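1. for reference, the sequence and a predicted model appear below.
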Amino acid sequence: MILESPRVVISIDLDYFFAQCEEIRRPELKSKPLVVCVFSGRTQTSGAVSTANYVARKLGVKSGMPILSAKRVLAQHKEAEFLPIDHDYYERVSERVMQLIKSHSPIFEQVSIDEAFIDVTDSTKTDFEVGKSIGLKIKEEILDAEKLTCSVGIGPNKLIAKMAADHKKPDGLVVIKPEEVSAFLSPMPIGKLIGVGPKSESKFEKMGIKTIGDLSDFDVNSLSDQFGKNLGPSFKRLAQGLDTDPVRPRPIEQLSRIITLKKDAESLWFGDELKPLSIYLSDKLKSLNAKCRVVGIIAITSELKTKNKARTLDHLTNSSDEILHNCLELFQGFFDSSGIEVFRIRRVGIRVSGIDLEKAEGKNESENQSTLTRFLLF
DNA sequence: AACAAGGGTTTAG
DNA sequence: TCATCTAAACCCTTGTT
């Protein structure tokens, strides 16, 4: 019985992308520890590591680490570089790479600034050897055109393609044919399964599930009890290597913008800081030819707990004034609630969702979609 | 029972 | 002061139809 129609899916993941972009324009950095940082502006070193090259990673630098910790880890390495993130530059590089990848198949999905899938079932006629040669060609073209390395995975669906790409990094290429899926997945530790993070991993551990193989034949009802009636069965299917999610462009569902305050707030003194955020989101909506129905705020407390509020409007909007006005009212709700719960706010942001793409004049649906994809990132 | 709205959690990069 | 930023998927509760 055929449960899933055979596909050939390629996952392309640009290696340590932001740091590699910095290495392109300053090749002398390649041999040094290189750390791309998001400075928050509170102090000279406050902020987090966005990504680091493999020289820095081997010395212990990790994504998400406080910049100060990375500085300590690299204290002995006077030559280490800490560069501020330059998103516009990475965006331009990414855009060219994505065009190149897209030229290999019309069935294309950009997952993030440095990651994409293509479905090459048709052009390969399901021959994985042909799929492999397309993967090699893409690696070669990206290297020639942009001097960037990437990791490529080829499999019968997105899950396997992605895990194959993760399997050999950097600059790898791994092909997993349908008949190899089980042997590939089964022995892997459960934390390697896409979608299983630290929280789920420790839950699985308590249930005696150590490997993906353990999960693949675990009782589905117990999984539903632990993870919910959607996620539980879904985890089991993934562990079996089953994934029917098609390669296709994802429509934008929400846009948000968040900043770190110079000082934690106990009152609404930061209202002025929100205005540029509302203008940014308004401009973004307009450039997408879109409007939103839901306006929300995000607050992260001094204890790093996230709080959200949102309201649904009775109409669509893309007006920055209207977005801002609604956000300010929502923030009031954090402060004038007669104080059972008091907290200080470290970071604040605004979000629009319920996004409605308007029909653009003289553009068909797919042109509309690609405009959308281009604006997806920052 | 089915659905919408609002808020929290987890994951990924 | 160690602790960025963006987006999606899912979970739960509550209220409405």
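-> Looks like it arrived, so ask away. On a predicted model such as this, the values are computed, not experimentally measured, just so you know.

2. how near is the residue nearest to residue A:266 when sequence neighbours are not counted to DNA strand C?
-> Spatial nearest neighbour of residue A:266, excluding adjacent residues (Cβ to Cβ, 6 or more residues apart in numbering): residue A:344 at 5.4 Å. To be clear about C-beta, it is placed using only N, CA and C from the backbone, and glycine gets the same treatment. With distances taken as Cβ to the nearest atom of the strand, to the nearest Å, residue A:344 is found 9 Å from DNA strand C.

3. what does the pLDDT read for residue A:344?
-> pLDDT, residue A:344: 93.

4. just want the phi and psi numbers for it.
-> Note on residue A:344: its backbone torsions stand at phi -100, psi 150 [degrees, to the nearest 10].

5. count of neighbours near it?
-> Residue A:344 has 14 neighbours, counted by other Cβ atoms under 10 Å.

6. residue contacts, it?
-> A:264, A:265, A:266, A:301, A:302 (Cβ atoms under 8 Å, 6 or more residues apart in numbering).

7. state the distance from the third one to DNA strand B.
-> Distance of residue A:266 to DNA strand B, computed by Cβ to the nearest atom of the strand: 17 Å.

8. list the helices and strands the host helix or strand of residue A:96 packs on?
-> Assessed by DSSP states H and E, residue A:96 sits inside helix A:87-102. Where contact means 3 or more Cβ pairs under 8 Å, 6 or more residues apart in numbering; DSSP states H and E, helix A:87-102 is packed against strand A:9-14, helix A:17-25, strand A:108-112, strand A:115-119, helix A:128-146.

9. give me the angle between that helix and helix A:17-25.
-> Interaxial angle, helix A:87-102 versus helix A:17-25 (axes from the mean of the first three to the mean of the last three Cα atoms, to 10 degrees): 100 degrees.

10. can you dump the C-alpha atoms of helix A:87-102 in CSV for me?
-> The C-alpha trace of helix A:87-102 is given here as CSV (Å, rounded to 0.1, in the frame of the first residue of the first chain):
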residue,chain,number,x,y,z
HIS,A,87,20.9,42.4,8.1
ASP,A,88,20.4,44.5,4.9
TYR,A,89,23.7,43.1,3.5
TYR,A,90,22.8,39.5,4.3
GLU,A,91,19.4,40.1,2.8
ARG,A,92,20.9,41.1,-0.5
VAL,A,93,23.2,38.1,-0.6
SER,A,94,20.3,35.8,0.3
GLU,A,95,18.1,37.2,-2.4
ARG,A,96,20.7,36.3,-5.1
VAL,A,97,21.2,32.8,-3.7
MET,A,98,17.5,32.2,-3.5
GLN,A,99,17.0,33.2,-7.2
LEU,A,100,19.7,30.8,-8.1
ILE,A,101,18.1,27.9,-6.1
LYS,A,102,14.7,28.7,-7.5
